[in-house]
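> quick one, structure for this:
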Amino acid sequence: LWSPDGTRVAYTSRAGHDIYVRRVTDDAGTQPVVRDQTVKVLNDWARDGRHIVYAEHSAATKLDLWLLPLDGGRAKPLLNSSYNEAQARLSPDGRWMAYVSDESGTPEVYVRRFPAMDDPQRISAGGGGQRDLAAGVEPLDPRLGETPLCELGLDRGPRDERDAKTGLDRAPHRPLQPAL
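Sure, this is the predicted structure:
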C-alpha cells in the first residue's frame with residue numbers, strides 16, 4: 001500500500017500477522033509497526049499520511065476495522081462488532097470512510113463520518129463491495145455534503161425504487177456493467 005505522497009510503502013509479512021511501513025529510499029532495516037498473532041489486511045492510507053486503516057480477523061468478532069497512527073501510537077479499533085467490516089476506503093478530504101459490512105445479512109457498502117464513526121449510512125442495495133467503489137461520474141449520495149465520498153461510474157439500471165430504510169434509490173440486483 002503506497003503512502004499518498006509516494007515516499008513510503010506499507011505491507012504485511014509473516015502470513016499477514018505483521019505490518020511494516022518503510023521509506024522507499026531507505027536502505028536501513030525495517031521493524032514492524034504492528035506485530036501479533038492476528039491476520040491483517042491493509043485497506044487504505046489517509047491522504048494526510050498520518051494513519052493507515054486495516055482489517056483484522058478475530059475469532060470472536062470476525063473482520064474488524066482498525067486505525068494505525070503512524071506517529072508511534074498504538075492501533076485502535078474503528079469498528080469492532082459481531083459483523084464483518086472490511087474493504088475500507090477513506091474519502092479524498094478525509095472526512096468519510098466507506099466500508100463493506102454484512103450487518104444487513106448480505107455484504108453492503110456503508111459510509112460513516114471519519115474519524116467520528118457516527119451512525120452508518122448504507123449506500124448500496126442488493127449487495128455491494130469494493131468493486132463498487134471507483135472513480136466515475138455519479139455522486140453516491142448528495143446528502144453527504146458538498147464533498148461526496150467518491151463517485152460511481154457504473155450503470156445500475158433504472159432507479160424507480162427507494163429503499164424504505166435509507167431513502168436511497170434502489171436498482172434491481174443484476175451484474176454491474178461499466179458505464180461507457
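
> which strand or helix spans the residue nearest to the spatial centre of the chain?
By Cα atoms, centre = their mean, the chain has its centre lying nearest to residue 88, at 0.8 Å. Assigned by DSSP states H and E, residue 88 falls within strand 85-90.

> where are the low-confidence patches of this structure?
Where the chain drops to pLDDT under 70, the residues are 29, 131-180.

> at 80 what do you get?
Of all residues in the chain, those with pLDDT under 80 make up the ranges 27-29, 130-180.

> coming back round to it: the residue nearest to the centre of the chain touches residue 45, doesn't it?
No - with contact defined as Cβ atoms under 8 Å, residue 88 does not count as touching residue 45 (10.9 Å). Every residue, glycine included, has its C-beta placed from N, CA and C.

> need the overlap of contacts for those two.
residue 53 (Cβ atoms under 8 Å, 6 or more residues apart in numbering).

> tell me how far residue 13 lies from residue 42.
12 Å (Cβ to Cβ, to the nearest Å).

> what residues are up against the residue nearest to the centre of the chain?
43-44, 53, 55, 65, 78, 97-99.

> same check, this time on residue 11
Residue 11 neighbours (Cβ under 8 Å, 6+ apart): 1, 19-20, 22, 42.

> swap in residue 4?
So residue 4 contacts 45-49 (Cβ under 8 Å, 6+ apart).

> related to what we said a few turns ago, mind putting the contacts of residue 11 in JSON lines, secondary structure included?
Shown next, in JSON lines, are these (DSSP: H, G, I helix; E, B strand; the rest coil):
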{"residue": "1", "secondary structure": "coil"}
{"residue": "19", "secondary structure": "strand"}
{"residue": "20", "secondary structure": "strand"}
{"residue": "22", "secondary structure": "strand"}
{"residue": "42", "secondary structure": "strand"}
